[in-house]
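S.K.: Quick check, what structure comes out for this input:
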Amino acid sequence: MSTLNEYILLFDIDGVLAMDGDVNNQNLSEIISLHPNIVEVFQNITFPVAILTHRSRREAEQILSALKINRKKLVGCFTAQDLLSSALLKHQYRTLLKQGLKKSFILPLLEDKYGFKKENIAMVDDRPENLSVLMKSGVGLTMLAPHVVFRSENSVMSFDLEQVISIFKQWVANHDQKTITTALTNKQRYLGGWSQTGMDIEMMNKTFIYCRRAVRKVRKSIAQVIR
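M.R.: From the prediction side, this is the model:
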């Protein structure tokens, strides 16, 4: 009989847990939390959970710190560096050049090092293309997070973390090895003091961000050649 510890729930950061934004339309950039209860929810999670993001390790760690998420509750924080190293380890050179850092590159690492089979992995992401790649790679559960910013209203369309936890537990309880995808229910939130972290990631990581943009342009040029 399967147990919760055989499954893992992965969260993206941008558009799922946080975003770059400006709460009071003052032309200031900072990391904005999308969930007022994020600290409590993560603290009370009793099954394996991790972060999977295209951010750099440094950026991701800074954001988790700003959100006050207890790192001890996470199996890991898998970042761009992990996706790259996993792709190179599995000799995914052509795919890497043509398609960039696909989140599915992390699947062998999760199974080989942590023991999580791909069909026992769930992912929350705000980008359908990321979830599509994971689904095609055999990930068991994908959840599409709504993310729309209403600047004139100083609000965002997001979702409830409790719904994610509920869907994940129900999926584990009724797991029949079939791939499932679902869209999370829209939840509009008005931003305020609760959402502000005061952390400007772009200012702290300018060099890396510029390098990442340059590498992306070069990769796209190469992809056109080897298509």
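S.K.: Quick check: beta-bridge partners of L144?
M.R.: In this entry, L144 is beta-bridged to D125, A183, by DSSP bridges.
S.K.: shift numbering so it begins at 814
M.R.: Right, with 814 as the first residue, what we last looked at is L957.
S.K.: ok, now which ones touch Q856?
M.R.: For Q856, the contacting residues are 883, 886, by C-beta atoms under 8 Å, 6 or more residues apart in numbering. The C-beta positions use only the backbone N, C-alpha and C, and glycine is treated the same way.
S.K.: run the last query once more with 10 Å
M.R.: The contact partners of Q856, taken as C-beta atoms under 10 Å, 6 or more residues apart in numbering, are 850, 881-883, 885-886.
S.K.: among those, which are in strands?
M.R.: Residues from those lying in strands, with DSSP state E as the criterion: none.
S.K.: of those residues, closest to L897?
M.R.: Relative to L897, the closest of these is I882; by C-beta to C-beta it sits at 23.7 Å.
S.K.: The chain: strands as residue ranges?
M.R.: 821-824, 831-834, 843-846, 862-865, 890-891, 934-938, 954-957, 961-963, 968-971, 993-996, 1000-1003.
S.K.: Next, format the ones you listed as CSV and append mean neighbour count.
M.R.: As requested, the strands of the chain are arranged in CSV below (neighbours: other C-beta atoms under 10 Å):
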stretch, mean neighbour count
strand 821-824, 24
strand 831-834, 19
strand 843-846, 22
strand 862-865, 22
strand 890-891, 20
strand 934-938, 25
strand 954-957, 23
strand 961-963, 14
strand 968-971, 19
strand 993-996, 14
strand 1000-1003, 14
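S.K.: In TSV, list these along with mean pLDDT and distance to Q912.
M.R.: As requested, those are exported to TSV (pLDDT from 0 to 100; distance: least, C-beta to C-beta, whole Å):
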stretch	mean pLDDT	distance to Q912
strand 821-824	99	19
strand 831-834	91	24
strand 843-846	93	28
strand 862-865	99	16
strand 890-891	98	18
strand 934-938	99	16
strand 954-957	98	18
strand 961-963	94	26
strand 968-971	96	28
strand 993-996	94	20
strand 1000-1003	96	32
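S.K.: Which of those strands sits closest to W984?
M.R.: Comparing these by C-beta to C-beta, strand 954-957 comes nearest, at 4.9 Å.
S.K.: Sweet, I'm off.
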